[in-house]
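In: Next comes the sequence, and after it the predicted model I'd like to discuss.
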Amino acid sequence: MEAVKENRRGGMIVLTLVLAGLALAMGSGAWRHWLPKLLLAGALFGALAFAWRKWRLKARERFLAAFQFPASLGRKLRQTYPHLSVAQVDMVIRELRTFFRVANAAQGRMVSMPSQAVDVAWHEFILFTRGYRQFCVRSLGRFLDHTPAEHMATPVSAQQGLRRTWLQACRFEGIDPNKPDRLPMLFALDALLQIPDGFHYVLDCSGVENAQGVPAYCASDIGCGGSCAADGIGDCSPGHGGSHGDGDGTTDGGSGGDGGSACSSCGGGGGD
């Protein structure tokens, strides 16, 4: 939320300066002369601020793409899930990078973690307290907390965070978030790697179990069809699922079952 507040403060400062300039110009009777210049200056300042934010996001993306995660994350994953191969561990680490990209794209808004395997890697990374803090500042411009889902302000927070993660993960892979033809890897990973305590999502919501009989979460409840707003958040009816979210105010754990919220499938979330 700090990034959102910062942007709002910047906008308010620009608006205040423009209004103050207008008031001075009108008071001096020279407003006809100064008004076009003030409006042009305000528009130019706004364009520069927008360009700066875009450049900053791209710089963070480049840092994320090149960052090397600690080797202990892989060791922790193999310890927790001994059946994983080296290549599969690398897949989990790659999706941890994807999750941080999601958090960067969310610009301070809550995002939720849809993968238990990736969540294990994230927990291990957080143990490197100084390094993790420096990483967050470089890649996100803020510290990304990890808040268990049950400790979020409301269940809606985790639900919205999961939808936001869904939206960005779909965009990264060229998937229509409202009419997906496949799951983004961040959502498909636990089922693909047969993670015993993982979160399994399905596109076909006619059943709530996957092929192995493990309870699965309905992906369409996350995307909400065409009823969600531009950032993937909107008024969506409840559906099947369990919930599990992570983001700038991160969440862990959740509950399964019919009639749950669309985020009954999220673990922890992060957000300001």
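Out: That came through, no problem. Numbers count the residues shown, from 1 in each chain.
In: all helices of this protein, in order?
Out: Counting by DSSP state H, the chain has helices at residues 2-28, 31-66, 72-80, 86-106, 116-126, 129-140, 155-172, 185-192, 219-223.
In: need the least confident one among those, by mean pLDDT.
Out: Here the lowest mean pLDDT among the helices of the chain goes to helix 2-28, at a mean of 53.
In: Does Tyr81 touch Ser115 like I think?
Out: No: taking CB atoms under 8 Å as the definition, Tyr81 is not a contact partner of Ser115, at 11.9 Å. (Each C-beta comes from the backbone N, C-alpha and C, glycine too.)
In: pLDDT weak spots in the stretch 151-272 of the chain?
Out: Residue ranges of the stretch 151-272 of the chain with pLDDT under 70: 151-158, 205-215, 220-221, 223-272.
In: what do you get if the cut-off is 50, keeping everything else the same?
Out: 151-152, 210-211, 224-265 (pLDDT under 50).
In: residue contacts, Arg101?
Out: Contacts were defined as CB atoms under 8 Å, 6 or more residues apart in numbering; by that measure Arg101 touches Glu61, Leu64, Gln168, Phe172.
In: Specify which member of the residues you listed is nearest to Tyr217.
Out: Gln168 (18.1 Å; CB to CB).
In: which residues does the closest one contact?
Out: Per CB under 8 Å, 6+ apart, neighbours of Gln168: Arg101, Val102, Ala105, Ala106, Val111, Gly232.
In: what's the most distant pair in the contacts of Arg101?
Out: The widest separation within the contacts of Arg101 (CB to CB) is 13.0 Å, between Leu64 and Gln168.
In: List the residues that are in contact with both of Tyr81 and Ser115.
Out: Ile195.
In: Ends of stretch 184-202, what's the gap?
Out: End-to-end distance of stretch 184-202 (CA to CA, to the nearest Å): 11 Å.
In: Okay, buried residues for that stretch please.
Out: The neighbour-count check on stretch 184-202 (16 or more other CB atoms under 10 Å) flags 184-191, 193, 195, 198-202 as buried.
In: what does stretch 121-138 give?
Out: Of all the residues in stretch 121-138, those buried under the rule 16+ other CB under 10 Å are Ala121, Trp122, His123, Glu124, Phe125, Ile126, Tyr132, Phe135, Cys136.
In: Against Trp166, how distant is the second one?
Out: Using CB to CB, to the nearest Å, one obtains 18 Å as the distance from Trp122 to Trp166.
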